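Peer 1: sequence first, then the predicted structure, then my questions.
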Amino acid sequence: MLKIKYLLVLLFGLTMACSTKKETSENEGKSDLVVGADEDQHGCKGSAGYQWSAVQKKCVRLFETGIELTPVRAQQGTVAYLLFASPDDDATAEVFLPGDRSSRLLTKKTGDDAGTWTFDTLTLTQWKGMYTLSGPGDADLYQGHLEVGAATVAPADAVPDVVTLLQGKWQSVDDPKAAFTVNGTSLTTYDKGQKRVTNTFAYVADCGGNACNGQKSKYGCFTTAGEFDIDCQSIVAISATNLEVTQGATGKTIRYRRSQ
């Protein structure tokens, strides 16, 4: 009887040992599967900041190789990125929006719209090195500037060449009869298609002084000086095609679209 009990205890011990060894082996196998688990189907390791670029056909770190596009409005969140196949091949623009692991491929137009790329509701425009990404209703979403000889952009707090961008004719989006033209140091306003008045135009990077006192904008302000007074308009947003300004005294924001 004692021998039978001894044999049962022995068999139970051997069974537990085999079970423990099997579980250990299975756990080791599961641990091995974790290694490289953050790689996508192209082998790009997300934990190291890499993701796949369809136009460059390789894993890239967007903050190293992409053109950084900063949000036009703060509430849009973090930056977007823009990539081309190479400096000499811009037939397709690849855009990475915040929070998306996949990209959007925008096709370049030909002819007069050679500086324009489109896909679905997204439109990318380029004017004098400034890229502007617009969404539905031509609303500007992101902007970024490609530095000469580099595949990077200016710092996030940098602004475009506002004085150059302001030159030309701007048509009011909300009032088709209102427009203004900046030509050098002159600003001419139009109402109902008729020339109204021409004043002296000046760009002010720091809106804190003179007629712009109290206004703030990272894009600065511009003033128009007449015979008796000076008006100041704070620039809310500006691109090659769109402009938003806040009129000094009224605080009203007006939208414009470049007409020429």
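Peer 2: Yep, it's here.

Peer 1: okay, CA-based contacts and neighbour counts for the rest of this
Peer 2: Will do.

Peer 1: could you report the neighbour count for Val173?
Peer 2: 17 (other C-alpha atoms under 10 Å).

Peer 1: mind telling me what element the nearest residue to Gln171 once chain neighbours are set aside is part of?
Peer 2: Using C-alpha to C-alpha, 6 or more residues apart in numbering and skipping the chain neighbours, the partner closest in space to Gln171 is Ala179 (4.4 Å). Here Ala179 is covered by strand 178-183, with elements defined by DSSP states H and E.

Peer 1: who's in contact with that strand?
Peer 2: Applying C-alpha atoms under 8 Å, 6 or more residues apart in numbering, the contact partners of strand 178-183 are 166-172, 187-193, 201.

Peer 1: avg pLDDT for that strand?
Peer 2: In this model, strand 178-183 has a mean pLDDT of 91.

Peer 1: kindly report the same for stretch 219-238.
Peer 2: 80.

Peer 1: can you give me phi and psi for Ser186?
Peer 2: Note on Ser186: its backbone torsions stand at phi -120, psi 140 [degrees, to the nearest 10].

Peer 1: please name the bridge partners of it.
Peer 2: Beta bridges link Ser186 to Asn183, Thr200 when assigned by DSSP bridges.

Peer 1: mind listing what it touches?
Peer 2: Taking C-alpha under 8 Å, 6+ apart, one finds 198-201 in contact with Ser186.

Peer 1: out of those, flag the one nearest to Val60.
Peer 2: Closest approach between the contacts of Ser186 and Val60, by C-alpha to C-alpha: Phe201, at 44.7 Å.

Peer 1: what pLDDT does that closest one get?
Peer 2: Listed pLDDT for Phe201 reads 87.

Peer 1: which ones are touching it?
Peer 2: 182, 184-187, 222-225.

Peer 1: among those, who's most crowded?
Peer 2: Phe222 (24 neighbours).

Peer 1: what's the helix or strand for it?
Peer 2: In the assignment (DSSP H and E), Phe222 maps to strand 221-225.

Peer 1: ok, Tyr131 next?
Peer 2: Assigned by DSSP H and E, Tyr131 falls in strand 130-134.

Peer 1: so how far is that strand off the chain centroid?
Peer 2: Chain-centre distance of strand 130-134: 8 Å, with C-alpha atoms, centre = their mean, to the nearest Å.

Peer 1: what does stretch 67-81 give?
Peer 2: The answer for stretch 67-81 is 4 Å, by C-alpha atoms, centre = their mean.
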